[in-house]
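1. coords please:
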Amino acid sequence: MKKRINITLEDEVVRRVDAYADAHYTSRSGAITMLIVEATDKPAGGKSEKKSK
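-> From the prediction side, this is the model:
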């Protein structure tokens, strides 16, 4: 299922998203989806990595 959302972004952010979308042959929505999925992707096993000190 897909949901429609309305967000407000700075002009420069929109330009960067559009440049990313053009470079990856996708839409603005597709680019935002790809970036969010990549940024929130978890390692295999579904456990988040813990940094040791």
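
2. Of all residues in this protein, which one is nearest the centre?
-> Nearest to the geometric centre of the chain sits residue 35, at 1.9 Å (C-alpha atoms, centre = their mean).

3. Would you enumerate the residues in contact with that residue?
-> Contact partners of residue 35, counting by C-beta atoms under 8 Å, 6 or more residues apart in numbering, are 17, 20. The way it works is simple: take the backbone N, C-alpha and C, and place the C-beta from them, glycine included.

4. how about it, secondary structure?
-> helix (DSSP: H, G, I helix; E, B strand; the rest coil).

5. measure it to residue 17 for me?
-> Note on residue 35: its distance to residue 17, by C-beta to C-beta, to the nearest Å, is 8 Å.

6. Buried ones in stretch 31-47, by neighbour count?
-> For stretch 31-47, the neighbour count (16 or more other C-beta atoms under 10 Å) marks 31, 32 as buried.

7. Sorry, slip of the keys, the one I care about is stretch 15-35.
-> 17, 20, 21, 31, 32.

8. nearest to residue 2, of those residues?
-> residue 32 (12.6 Å; C-beta to C-beta).

9. So what's the predicted local confidence for the closest one?
-> Here the pLDDT value assigned to residue 32 is 97.

10. In this structure it contacts residue 17, no?
-> Yes. The criterion here is C-beta atoms under 8 Å, and residue 32 meets it with residue 17 at 6.2 Å.

11. Thank you, goodbye.
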